[in-house]
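[1] okay, sequence plus prediction incoming.
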Amino acid sequence: MEKRYQLTDWLPTTKKELEIRGWDSVDVVLFSGDAYIDHLAFGAAVIGRVMESEGLRVAIVPQPNWRDDLRDFKKMGRPRLFFAVSAGSMDSMMNHYTANKRLRSDDAYSPDGKAGFRPDYTTITYCNILKSLYPDVPIIIGGIEASLRRFTHYDYWQDKLMPSILTDSKADLLVYGMGEKPIREILAPFNFPSRGKLGVAEFMKQVKNIPQVAFLVSANFPLEGELKGAELFSHEECLKDKKKFAENFNIIEEESNKQNANVLLQKINNKTLVVNPPFPTMTTEELDASFDLPYTRLPHPKYKGKTIPAFEMIKFSVNIHRGCFGGCSFCTISAHQGKQIVSRSQKSILKEIENISQMPDFKGYLSDLGGPSANMYQMCGKDKLICSTCKKPSCIFPTVCKNLNSNHQPLLDLYKKVDSLPYIKKSFIGSGVRYDLCLYESNDAEINKTNREYIKELIINHVSGRLKVAPEHTSLNVLKIMRKPSFDLFQKFKKIFDKINSEYALKQQLIPYFISSHPNCTDEDMAELAATTKNLDFRLEQVQDFTPTPMTLATAIYYSGYHPYTMEKIWTAKTKQEKLNQQQFFFWYKREYKSQIMNSLRRMKREDLIKKIF
């Protein structure tokens, strides 16, 4: 039966909605760069619902107008506790610009996909406005943009190092990573409605020892006890020496991967950045509690008649776990969600699917039953003691860790349970599959057998015509920097895919993803990629030019020219022409690229590839 909702089932977004609830003020006002979709896949909704579950009055202001008289920033008045600010589900610069720094014409997180509803560097812009209007109200920033810009970071769009986002935003506190546990801890000392309005000094006094937060103190502030930690090279030292920036990244990534991390300190001008270590990975019970909050799963009624593309893409999908132990050097998932996997219980997943079945346009098909990677559900270390001392960025590169339980049986059990539901016709896997995990030969013959069963089940029953996988490149030299497995493994998976398709008379496609211009990738590597994929009968569609994003290994290499772990010099295509020279090889089958590709191959003295490609 279809669920019916009232306006009060969403967090209030206007003064009128406050009045409907009988509220004359709120405890927290949350500003977001995204449209307000009350769904557990959108961070602002999650944090808003978590604060609401703590008994707070929370208002959300989605995509406030920063160009006019700033009425959107004033309409909720002064909150009792603090302002919370997030740029949205993407870094605002990634949202706005292509890899070639061209302005995008659309925004998947805005009504009707229209661009222009948020500013560049959204977090900084919103916070500066709020500080000018309410200088004594604490501001907490979070989300992808704040999380990945917490230290000195390289900004591709300005082509320079920028200090911690706390510096330019003037925010008081930064929550990094997934914010449920930190926000509950932050609220604890202040969650008494009888208390008056909170000032910055009182707020900061209470939160400095909370895990998973960052803040600035004066350079001569006495750092004692729990605040003492590992000191990074200062922002000014990084500006002068790219090697020091690379060395910082090494420390930051290793500390992020530790289960018992240090406080990290970095001097910026006349201040010290303090970044407390993260909370322990959430438990299944804690994750379930977050996913089981009373989301409507729908955009706010203010968007009636409008389409929000990001919502349309995920409205019939289910996220079954968080975290990723892949450690790909160009990806920010593990940097934000963590390396350790935390999985939802079957009960929580099935409850969400029941809610989906009550949506008005649901036809019985789940578009995705996955996560950051499709097949890491309930995977973890066998010996927790080994994991507790590990600081490696990946559990599966260069080889799958012998301590990793790579058993796909929990996934098979979940698929079976979901597919047995009377209102489910088919559950598809839309997330990327790590074929290196399901092809891994462990010492346990039973697990190996189960993992082959998983591949078969996946291909026969859970592919919606096309299965996404991400080999990313064919060159071993590039894949090594990417922290991805050999392309031979992809070819092995393709043979299995083709064989099963043939045996069961299926007409399904394998869709591989590839990246050009990645650190250590040369024009010749791209030419080899074209020849190899052409030989496999691929005409590539899912391709992208490498875009440096804050806090990834690949970006640290791109900016510094050095591999942070080895200090080996690494070349990267940077100019527009260098990037175009690499991209052209993706499209060898297009007539307009043929002559320039042939000229490039002659210049490389690789006439042998002309025959292979053409």
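    Alright, I've got the coordinates. Numbering: from 1, shown residues only.
[2] mind checking how far Val469 is from Phe493?
    Val469 is 7 Å from Phe493, where distance means Cβ to Cβ, to the nearest Å. Quick note: C-beta positions are derived from backbone N, CA and C, even for glycine.
[3] spit out the residues that contact these two alike.
    By Cβ atoms under 8 Å, 6 or more residues apart in numbering, Val469 and Phe493 have these common neighbours: Tyr435.
[4] quick check: mean pLDDT of stretch 13-25?
    Mean pLDDT, stretch 13-25: 96.
[5] ok, stretch 47-60 next?
    Mean per-residue pLDDT for stretch 47-60: 97.
[6] where in the stretch 101-250 of the chain is pLDDT low?
    Scanning the stretch 101-250 of the chain for pLDDT under 70 picks out 192-196, 222-228.
[7] same thing but 80
    191-196, 219-229 (pLDDT under 80).
[8] mind saving the C-alpha coords of stretch 43-59 as CSV?
    Coordinates of each C-alpha in stretch 43-59 appear next as CSV, following Å, rounded to 0.1, in the frame of the first residue of the first chain:
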residue,chain,number,x,y,z
GLY,A,43,24.2,13.5,3.8
ALA,A,44,22.2,16.6,4.8
ALA,A,45,19.1,14.5,5.4
VAL,A,46,21.0,11.9,7.4
ILE,A,47,22.6,14.5,9.7
GLY,A,48,19.3,16.3,10.0
ARG,A,49,17.5,13.1,11.0
VAL,A,50,20.2,12.1,13.5
MET,A,51,20.0,15.5,15.2
GLU,A,52,16.2,15.2,15.2
SER,A,53,16.4,11.8,16.8
GLU,A,54,18.4,13.4,19.6
GLY,A,55,15.3,15.5,20.4
LEU,A,56,16.5,18.7,18.6
ARG,A,57,14.4,21.1,16.5
VAL,A,58,16.3,21.1,13.2
ALA,A,59,15.6,23.2,10.1
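[9] for it, buried residues please.
    Going by neighbour count (16 or more other Cβ atoms under 10 Å), the buried part of stretch 43-59 is 43-53, 56-59.
[10] kindly report the same for stretch 369-385.
    Judged by neighbour count (16+ other Cβ under 10 Å), stretch 369-385 contains these buried residues: 369-381.
[11] try stretch 455-465
    When burial is assessed from 16+ other Cβ under 10 Å, stretch 455-465 yields the following buried residues: 455, 457-459, 462-463.
[12] again, but for stretch 283-297
    In stretch 283-297, counting by 16+ other Cβ under 10 Å, buried: 287-288, 290-293, 295-297.
[13] check the residues you listed and tell me the two furthest apart.
    Distance extremes for these: the farthest pair is Leu287 and Thr296 at 20.0 Å, using Cβ to Cβ.
[14] can I get the buried residues of stretch 369-385 in a markdown table including distance to Asp107, secondary structure and pLDDT?
    Conversion of the buried residues of stretch 369-385 to a markdown table gives the following (distance: Cβ to Cβ, whole Å; DSSP: H, G, I helix; E, B strand; the rest coil; pLDDT from 0 to 100):
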| residue | distance to Asp107 | secondary structure | pLDDT |
| --- | --- | --- | --- |
| Leu369 | 27 | strand | 97 |
| Gly370 | 24 | strand | 95 |
| Gly371 | 24 | coil | 94 |
| Pro372 | 22 | coil | 94 |
| Ser373 | 26 | coil | 93 |
| Ala374 | 26 | coil | 95 |
| Asn375 | 31 | coil | 96 |
| Met376 | 30 | coil | 97 |
| Tyr377 | 31 | coil | 98 |
| Gln378 | 35 | coil | 97 |
| Met379 | 34 | coil | 97 |
| Cys380 | 37 | coil | 95 |
| Gly381 | 40 | strand | 95 |
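[15] out of those, the closest to Lys480 would be?
    Taking Cβ to Cβ as the measure, Lys480 sits nearest to Ser373 out of the buried residues of stretch 369-385, at 20.0 Å.
[16] am I right that that closest one is in contact with Tyr435?
    No. Under the criterion of Cβ atoms under 8 Å, Ser373 makes no contact with Tyr435, lying 10.6 Å away.
[17] in a markdown table: the buried residues of stretch 369-385, plus distance to Cys328.
    Conversion of the buried residues of stretch 369-385 to a markdown table gives the following (distance: Cβ to Cβ, whole Å):
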| residue | distance to Cys328 |
| --- | --- |
| Leu369 | 22 |
| Gly370 | 16 |
| Gly371 | 15 |
| Pro372 | 11 |
| Ser373 | 10 |
| Ala374 | 15 |
| Asn375 | 15 |
| Met376 | 13 |
| Tyr377 | 19 |
| Gln378 | 21 |
| Met379 | 16 |
| Cys380 | 19 |
| Gly381 | 20 |
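[18] closest one to Lys131 out of the residues you listed, please.
    Using Cβ to Cβ, those come closest to Lys131 at Pro372, 34.1 Å.
[19] got a list of what the closest one touches?
    Listed by Cβ under 8 Å, 6+ apart, the contact partners of Pro372 are 321-324, 333, 337, 431.
[20] what about those, which are in helices?
    In this view, those that belong to helices under DSSP state H are 333, 337.
[21] please narrow the contacts of Pro372 to those residing in strands.
    Among the contacts of Pro372, the residues falling in strands (DSSP state E) are 321-322.
[22] in a markdown table, list the contacts of Pro372 along with neighbour count, pLDDT and distance to Lys304.
    Below are the contacts of Pro372 laid out as a markdown table (neighbours: other Cβ atoms under 10 Å; pLDDT from 0 to 100; distance: Cβ to Cβ, whole Å):
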| residue | neighbour count | pLDDT | distance to Lys304 |
| --- | --- | --- | --- |
| His321 | 24 | 97 | 33 |
| Arg322 | 23 | 97 | 31 |
| Gly323 | 25 | 96 | 36 |
| Cys324 | 25 | 96 | 36 |
| Ile333 | 18 | 92 | 33 |
| Gln337 | 20 | 93 | 32 |
| Ser431 | 19 | 93 | 30 |
